[in-house]
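J.: this one's sequence-less:
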C-alpha cells in the first residue's frame with residue numbers, strides 16, 4: 001500500500017519559531033507586523049525545513065513517498081478537509097458541542113493536545129475545598145452540605 005508522506009504545517013511550534021526569529025514577544029507584535037506577512041513567514045519557515053525532515057525520515061528508515069508529500073498549509077489539502085467536513089455536515093453527522101480546550105494566554109489561541117504535551121511539567125497548583133452546611137429549609141433538615149472549590153485561595 002503506498003504511503004504518502006505529509007507535513008503538518010499549521011501549529012504553534014512553527015509560529016513560535018518565527019516569533020523567535022523576528023524577536024516578537026506578544027500577539028500584538030504579530031498584529032503590528034501584519035498577519036498576512038506573519039503567515040507568509042510561517043510558510044517560508046516550513047519550506048526551509050522540509051529537506052531536513054525528508055533526510056530525517058529516510059535516516060529513520062520510514063518508507064514513504066517523499067516526492068509527493070502533502071503539506072497541510074497547501075490549498076488542495078485545506079480544500080480537501082473542507083470538502084470532507086461538508087460531506088459530514090450534509091449527512092447530519094457534524095455535531096456542535098462544548099469542551100474544555102487548552103489555551104495559550106500569551107498567543108490567545110487554543111492548543112492541541114500535542115502542543116500541550118511539548119511543555120508538560122508537573123506543577124503544584126494550590127487549591128482550597130470548603131464545606132458549607134445548609135442551615136435552613138428541607139436541605140438543612142436532610143443534612144446537606146455545599147462544597148466549594150477554587151484554585152485561587
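T.: Received, thanks. The structure presented is a predicted model; accordingly, all values stated were derived computationally and were not measured. Numbering: from 1, shown residues only.
J.: And the helix or strand hosting residue 39, what's buried?
T.: Per DSSP states H and E: residue 39 is located in helix 35-59. Residues of helix 35-59 classed as buried by neighbour count (16 or more other Cβ atoms under 10 Å): 38, 41, 42, 43, 45, 46, 54. For glycine as for every other residue, the C-beta is placed from the backbone atoms N, C-alpha and C.
J.: Among these, find me the one that's closest to residue 107.
T.: The closest of these to residue 107 turns out to be residue 38 (Cβ to Cβ; 11.6 Å).
J.: Touching, the closest one and residue 32? I think so.
T.: No: the pair residue 38 / residue 32 is not scored as a contact, 9.9 Å apart, by Cβ atoms under 8 Å.
J.: any chance you could map the strands in the chain?
T.: Ranges of strands in the chain, per DSSP state E, are 4-7, 65-71, 103-104, 109-110, 128-133, 145-150.
J.: Nearest to residue 50, out of those strands?
T.: For these, proximity to residue 50 was assessed by Cβ to Cβ; strand 4-7 is nearest, at 6.4 Å.
J.: Could you pull up the mean pLDDT of the closest one?
T.: For strand 4-7, the mean pLDDT works out to 88.
J.: which residues touch it?
T.: Contact with strand 4-7 is made by 46, 50, 53-54, 57, 64-66, 68-72, as judged by Cβ atoms under 8 Å, 6 or more residues apart in numbering.
J.: and if we set it to 10 Å?
T.: Strand 4-7 has contacts (Cβ atoms under 10 Å, 6 or more residues apart in numbering) with 46-47, 49-50, 53-54, 57, 62-74, 77.
J.: in its sheet, what does it sit against?
T.: strand 65-71 (parallel) (DSSP bridges).
J.: now the angle between helix 35-59 and the strand it pairs with, please.
T.: Computed by axes from the mean of the first three to the mean of the last three Cα atoms, to 10 degrees, the angle separating strand 65-71 from helix 35-59 equals 150 degrees.
J.: Low-confidence ranges, the chain, go.
T.: 10, 119-120, 152-153 (pLDDT under 70).
J.: Span of stretch 17-28 from start to end?
T.: From its first residue to its last, stretch 17-28 covers 16 Å (Cα to Cα, to the nearest Å).
J.: could you dump the strands of the chain to a markdown table with mean neighbour count and distance to residue 26?
T.: Below are these laid out as a markdown table (neighbours: other Cβ atoms under 10 Å; distance: least, Cβ to Cβ, whole Å):
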| stretch | mean neighbour count | distance to residue 26 |
| --- | --- | --- |
| strand 4-7 | 15 | 28 |
| strand 65-71 | 14 | 28 |
| strand 103-104 | 14 | 12 |
| strand 109-110 | 12 | 12 |
| strand 128-133 | 10 | 32 |
| strand 145-150 | 9 | 29 |
